[in-house]
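Asks: Just the structure for this:
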Amino acid sequence: MRRHLLALMALALPAALAAVAPTASAHAADHGPRPPTTTCAPVRPTAPAGTYVDSVTVAAHAGGTISFPTAYPPVGPISDVPAWCDVTVTVSHLGANDHVKIKVSLPQDRSLWSGRFQAAGGSAYLAGDLTDPAPALVQAVKAGYAAGATDAGVGQSSTDVSGWALTPRGTVNTALLTNFSSRSLHDLAVVGKDVAKKFYGRSVTYAYWNGCSTGGRQGYAEAQDHPTDFQGILANAPAISWDRFAIATLWSQAVFHEEHVQPTTCELDAFTAAAVTACDDLDGRHDGVIDDPQKCDWDARRLVGTTVWCDGQEITISAATADAVRKIWAGPTAPSGKQLWYGPNKGASLDFLAAYGAPFVVASQWAQYFVTRDPSFDPTRLTYAEFYRLYASSQRRFHDVIGTDDPDLRAFARSGGKLITWHGQADQLVPTLGTVNYKQRVDRLLGARDVDSFYRVFLLPGVDHCADGTDPTNALDSLVTWVEKGRAPATLTATTTLPDGGQVTRQVRPYASTRR
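Replies: All right, here's what the predicted structure looks like:
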């Protein structure tokens with residue numbers, strides 16, 4: 001369970017901290033923090049229609065080397081941070097009975113501000129990190145941005161929705177779910193940019209979204225619903241099609257229950273390792289990575305009868321366990337046999353979406369608090385028929401609320417917006433093919449050549465969720481260059497860290513629908 005929590009808390013953080021564009025005043029890092037030239041005082045921002053500013057507070061920070069003692073998982077200190085000001089705006093919405101915090105961090109020295117605004121996305125059920133100090137916001141300030149995040153009024157837990165999902169009457173709190181899914185993202189864009197304008201006395205030149213997982217889904221929501229909020233959106237490993245994805249990732253529990261198997265982590269790891277061994281060389285080089293999992297046709301049944309050692313015990317792989325793994329890789333199906341959604345790619349760890357007796361917490365919370373409205377609901381007891389009813393109910397009731405997968409991006413394209421997504425081929429939490437499915441639908445609607453002019457997806461071999469173990473070094477830089485100089489990225493650089501400590505660096509080209 002601890003590994004699950006560590007993974008969830010790190011959904012967006014690595015990307016947010018690693019992907020920073022060059023600042024307008026890079027020499028500041030050589031000379032330490034500069035004296036502030038603005039006053040850290042409250043400003044009264046403009047909010048969107050229907051959103052009301054309740055209060056504004058400010059806090060000044062001296063800069064220097066900033067540590068994050070409460071960060072989980074741990075985050076190392078960030079050095080050479082200039083003095084900055086945090087402006088926290090609390091807003092509400094008529095009839096919602098909510099209190100939403102929007103935190104904007106701004107370099108106090110005007111000469112260190114690049115004119116850019118960066119919105120930082122959230123992870124799992126965390127809409128955005130507002131801790132003091134917040135690592136993603138501090139890193140963005142160091143890079144010359146005014147940066148913001150919102151809690152959407154749902155608090156600061158990524159794994160527990162019990163405090164906000166249901167009303168006292170036991171119904172879904174639609175106001176807060178609407179905040180989490182979309183409304184507070186537009187609030188963040190409008191309020192954040194206006195805080196920067198009033199703080200510096202000039203308008204934001206370029207606005208960027210930067211997020212992964214939930215943060216990736218949020219970026220897609222902005223492109224679809226508010227296409228002029230951001231000129232550039234970096235939306236990685238996006239948890240789009242949430243109404244389907246969040247139930248589909250419970251499929252393993254139904255498989256285990258129906259097939260009467262209880263695989264250990266050791267057995268699951270053996271299947272992953274065997275698939276990598278079998279398909280490693282398909283790309284012409286032996287590096288411990290499956291370059292394209294969709295070309296890997298290795299059958300889990302080939303492991304039947306082999307033995308693995310687990311906690312000092314010898315376990316023989318059974319035919320039933322192998323068949324269960326085949327079903328999990330294939331993804332959930334309806335009773336008719338029709339595929340409903342996607343499973344994890346071969347090569348991705350099965351420890352998270354296929355842990356026996358430990359359902360993926362994002363999925364179990366979605367099923368318990370939103371779909372069934374029954375916190376005692378036990379996903380480990382799902383039958384295939386019950387799984388299908390749960391999946392269909394989630395899609396029917398929540399697609400329009402949080403599906404976030406409308407392929408019509410014409411308004412975003414007309415506005416001049418640019419959207420970059422990278423998704424790891426070894427993503428263990430959000431199946432990569434969900435992103436591929438969306439890109440294919442956009443291509444079919446708008447034409448792949450036209451789509452390529454404003455939206456590109458990069459599938460990174462061997463990379464797991466939100467770049468844990470890799471470094472897509474030039475993602476945000478590439479987005480900034482595309483937006484501000486018109487040069488589209490031909491590749492992204494991805495360095496994958498292998499289990500033995502070695503590294504493999506690739507120049508990854510954009511995904512093209514015609515390749516499939």
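
Asks: quick one: low-confidence ranges for the chain?
Replies: Along the chain, the parts satisfying pLDDT under 70 run over 1-37, 468-473, 499, 514-516.

Asks: In it, which helix is the longest?
Replies: Counting residues, the longest helix found in the chain (DSSP state H) is helix 384-402.

Asks: Work out the gap between that helix and the centre of the chain.
Replies: Distance of helix 384-402 from the chain centroid (Cα atoms, centre = their mean, to the nearest Å) equals 22 Å.

Asks: Which strands or helices does it pack on?
Replies: helix 174-178, helix 242-248, helix 251-259 (3 or more Cβ pairs under 8 Å, 6 or more residues apart in numbering; DSSP states H and E). Bear in mind the C-beta positions are built from the backbone N, C-alpha and C, glycine included.

Asks: residue contacts, Asp132?
Replies: By Cβ atoms under 8 Å, 6 or more residues apart in numbering, the contact list for Asp132 reads Ala59, Asp86.

Asks: How about the secondary structure of it?
Replies: coil (DSSP: H, G, I helix; E, B strand; the rest coil).

Asks: Quickly find the element holding Pro48.
Replies: Here Pro48 is covered by no helix or strand, with elements defined by DSSP states H and E.

Asks: Nearest residue to it in space, please, no chain neighbours.
Replies: Val190 (4.9 Å; Cβ to Cβ, 6 or more residues apart in numbering).

Asks: next one: phi and psi at the one you found?
Replies: phi -70, psi -50 (degrees, to the nearest 10).

Asks: same thing with Pro335?
Replies: Dihedral angles for Pro335 - degrees, to the nearest 10 - are phi -60, psi -30.

Asks: now Ala348
Replies: phi -80, psi 140.

Asks: and stretch 400-420, how far apart are its ends?
Replies: 24 Å (Cα to Cα, to the nearest Å).

Asks: Please disregard the earlier target; I meant stretch 126-140.
Replies: End to end - Cα to Cα - stretch 126-140 spans 19 Å.

Asks: buried set for that stretch?
Replies: Within stretch 126-140, the residues scored as buried using 16 or more other Cβ atoms under 10 Å are 126-130, 133-140.

Asks: Name the nearest of those residues relative to Gln428.
Replies: Closest approach between the buried residues of stretch 126-140 and Gln428, by Cβ to Cβ: Leu126, at 18.8 Å.

Asks: now the closest one: how far from His465?
Replies: As for Leu126, its distance to His465 is 15 Å (criterion: Cβ to Cβ, to the nearest Å).

Asks: swap in Tyr356?
Replies: 20 Å.

Asks: In terms of neighbours, single out the busier of the two.
Replies: More crowded of Tyr356 and His465, by other Cβ atoms under 10 Å: His465, with 29 against 19.

Asks: Test my guess that the more buried one contacts Thr432.
Replies: No. With contact defined as Cβ atoms under 8 Å, His465 does not reach Thr432; the gap is 9.9 Å.

Asks: Name the residues contacting each of those two.
Replies: The contact sets of His465 and Thr432 overlap at Gly424 (Cβ under 8 Å, 6+ apart).

Asks: just to revisit the earlier point, which of the helices and strands packed on helix 384-402 sits most buried?
Replies: helix 242-248 (a mean of 25; mean count of other Cβ atoms under 10 Å).

Asks: outside of that one, which residues touch it?
Replies: 181, 217, 239, 331-332, 340-342, 362-363, 366-367, 371, 387, 390-391, 394-395, 397-399, 401-404, 430-431, 434.

Asks: Need the buried ones from those residues selected in ChimeraX.
Replies: Listed next is the ChimeraX selection for buried residues among the contacts of helix 242-248, using 16+ other Cβ under 10 Å:
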select :181,217,239,331,332,340,341,342,362,363,366,367,371,387,390,391,394,395,398,401,402,403,404,430,431,434
